[in-house]
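J.: Fold the following, please.
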Amino acid sequence: MKNKVKKIVLFFNMNRGIKVYEKLKSSYNIKIVIAKKYLDKKILTYLNKNKIPFILIKNLNDKRINFLNDTDLAIACGFPLIFKNRLLNKTKYGFINCHAGKLPEYRGGSPLHWQLINGENHFWISVLRIDAGLDTGNLVEQKKFLIKDNYNITHLQNIADNNFPNLVMKSIKKIEKGQKFKAQDKKKHKLWPQRYPLNSFVDFSAKDNHEVLRLLRACIKPYEAFTFIKGKKLKIIKAVLIKRNFPIGVITKVREKRYIGCREGSILLKKSNFEC
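T.: Sure, this is the predicted structure:
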């Protein structure tokens, strides 16, 4: 017998939640819940400007989300709070999550950043069932995309955000058909930590120039990659690879150009500035 999803609760703190909402709003009755933690203020601006009702919560003990008992499906899109079993069991068809990483190889935080930093040729986005573990639920949908040489984290984020809506819609259709979903391969799982501004520090003695460049591509404003030169903080915004070896971790000037040596090879600084 075919199930029917009518009422959806959408939990999000990121732009991809807006994209998913825009895709689903004409087909489903949607309630929006947003957490204060790590909230992108542009989301509030969008919701208020378009007069879209939402609930802003500090934690998942907030009694205003009791309407989950009368909900068919809950969807998380970049939501920073962890759902416990007492909530997961309240909706008719459970919870699904939009995770911007290949599973099970990229469980955990900042999966787009890690796929870029690790030098993957492709990155993946996934829709999975939410269970008691961290990104351990059964896979509903996955899709992969090429990482081009000129891509930075913004390119990956935009591609992910623009493709999640269709992936979510496909996932809902599968749930309505009562399909069973594939369990993740536990032998391949790896859990990655959430990245923070301090993780943008560049240790030139520990990385070759290719690794440094990938880190720069994953660190954009306001969390640009940085290092310390003679006690001063240097933000590195753009650089290119140089085969020649220069002294590691220091600036060498040659004909008005500035170079920094890495564990192997060097980089040419194209755009950087010392923080005042």
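
J.: Compute the distance between I267 and R255, please.
T.: I267 is 16 Å from R255, where distance means CB to CB, to the nearest Å. For every residue, glycine as well, the C-beta is placed using N, CA and C.

J.: So which of these two has more stuff around it?
T.: Neighbours were counted for I267 and for R255 using other CB atoms under 10 Å; I267 has more, 25 against 4.

J.: Next up, the contacts around the more buried one.
T.: The contact partners of I267, by CB atoms under 8 Å, 6 or more residues apart in numbering, come to 209, 212-213, 239-242, 259-260.

J.: The longest helix along the chain - contacts with which helices or strands?
T.: Assignment by DSSP state H gives helix 153-176 as the longest helix of the chain. Applying 3 or more CB pairs under 8 Å, 6 or more residues apart in numbering; DSSP states H and E, we find helix 153-176 packed against helix 15-24, strand 73-77, strand 95-99, helix 111-117, strand 122-129, strand 139-146.

J.: nearest residue to T136 other than its sequence neighbours?
T.: Spatial nearest neighbour of T136, excluding adjacent residues (CB to CB, 6 or more residues apart in numbering): Q184 at 6.5 Å.

J.: And the pLDDT at the one you found?
T.: Q184 carries a pLDDT value of 96.

J.: since we're on it, how many residues are nearby?
T.: Neighbours of Q184 under the rule other CB under 10 Å: 20.

J.: Same question for G265.
T.: By other CB under 10 Å, the residues close to G265 number 19.

J.: Next one, pLDDT for it please.
T.: 97.

J.: Could you tell me how far it is located from E141?
T.: G265 is 39 Å from E141, by CB to CB.

J.: cool, and Q157?
T.: Applying CB to CB, the value for Q157 to E141 is 19 Å.

J.: wait, which of the helices and strands packed on helix 153-176 is closest to V202?
T.: Nearest of these to V202, taken as CB to CB: helix 111-117 at 11.6 Å.

J.: circling back to that earlier point, enumerate the positions of the longest helix of the chain that are buried.
T.: For helix 153-176, burial by neighbour count (16 or more other CB atoms under 10 Å) applies to 153, 155-157, 159-161, 163-165, 167-169, 171-172, 174-175.

J.: and the angle for that helix with strand 139-146?
T.: Interaxial angle, helix 153-176 versus strand 139-146 (axes from the mean of the first three to the mean of the last three CA atoms, to 10 degrees): 150 degrees.

J.: quick one: average pLDDT of helix 153-176?
T.: Across helix 153-176, pLDDT averages out at 97.

J.: Tabulate the CA atom coordinates of it in PDB.
T.: This file holds the C-alpha atoms of helix 153-176, laid out as PDB (Å, rounded to 0.1, in the frame of the first residue of the first chain):
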ATOM      1  CA  ILE A 153      34.500  25.400  -1.100                       C
ATOM      2  CA  THR A 154      32.000  28.000  -2.400                       C
ATOM      3  CA  HIS A 155      31.600  26.100  -5.700                       C
ATOM      4  CA  LEU A 156      31.000  22.800  -3.800                       C
ATOM      5  CA  GLN A 157      28.500  24.400  -1.500                       C
ATOM      6  CA  ASN A 158      26.500  26.000  -4.300                       C
ATOM      7  CA  ILE A 159      26.400  22.700  -6.300                       C
ATOM      8  CA  ALA A 160      25.300  20.800  -3.200                       C
ATOM      9  CA  ASP A 161      22.600  23.400  -2.300                       C
ATOM     10  CA  ASN A 162      21.200  23.400  -5.800                       C
ATOM     11  CA  ASN A 163      21.000  19.600  -6.100                       C
ATOM     12  CA  PHE A 164      19.700  18.700  -2.600                       C
ATOM     13  CA  PRO A 165      16.100  19.700  -3.400                       C
ATOM     14  CA  ASN A 166      15.700  17.200  -6.200                       C
ATOM     15  CA  LEU A 167      17.500  14.500  -4.200                       C
ATOM     16  CA  VAL A 168      15.100  15.200  -1.300                       C
ATOM     17  CA  MET A 169      12.000  15.000  -3.600                       C
ATOM     18  CA  LYS A 170      13.300  11.600  -4.900                       C
ATOM     19  CA  SER A 171      13.800  10.500  -1.400                       C
ATOM     20  CA  ILE A 172      10.200  11.400  -0.400                       C
ATOM     21  CA  LYS A 173       8.800   9.500  -3.300                       C
ATOM     22  CA  LYS A 174      10.800   6.400  -2.300                       C
ATOM     23  CA  ILE A 175       9.400   6.700   1.300                       C
ATOM     24  CA  GLU A 176       5.900   7.000  -0.100                       C
END
